[in-house]
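# Please work out how this folds:
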Amino acid sequence: MKQRVITALLLTPAAIALILYASSAWIGMVIGALCVLASWEWTRDKLLAVQVRGAPVLAHRYLRVAYASTLVLVSLVITVLLNQAAPDIVYKAF
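Coordinates of the predicted model:
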């Protein structure tokens with residue numbers, strides 16, 4: 001608990017400075033990175049709970065590499081898809 005309070009005390013001024021002085025692109029990148037890290041920790045916690053023969057599944061090196069590679073690939077695909085122009089039908093509807 002003490003470590004969490006110290007972390008919060010250190011990160012609060014940085015978060016306030018980011019919100020007040022950074023451009024919206026930087027804020028978006030930081031929020032995106034925080035979401036990726038939070039999802040990484042959450043899924044890691046859930047996958048470590050899955051056990052095969054008494055050992056966590058995610059404890060194996062090759063599975064961790066495959067998991068991280070999948071996350072990177074999904075992130076890249078989402079980024080490419082979101083940066084595409086909207087189809088003409090969308091513009092005609094409005």
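
# Please tell me how far Val50 sits from Ala66.
Relative to Ala66, Val50 is positioned 15 Å away (CB to CB, to the nearest Å). (C-beta placed from N, C-alpha, C; glycine too.)

# Mind checking what secondary structure Val65 has?
helix (DSSP: H, G, I helix; E, B strand; the rest coil).

# separation between Ile6 and Ile78?
Counting by CB to CB, the gap from Ile6 to Ile78 is 34 Å.

# Could you do Thr7 as well?
From Thr7 to Ile78 the distance is 29 Å (CB to CB).

# Would you map the strands across the chain?
In the chain, the strands defined using DSSP state E lie at 51-52, 55-56.

# Retrieve the pLDDT associated with Arg53.
According to the prediction, Arg53 has pLDDT 80.

# Next, count neighbours for it.
By the measure other CB atoms under 10 Å, the count of residues near Arg53 is 5.

# Please state the backbone phi and psi of it?
phi 60, psi 40 (degrees, to the nearest 10).

# Need the residue closest to the centroid of the protein.
Val36 (0.5 Å; CA atoms, centre = their mean).
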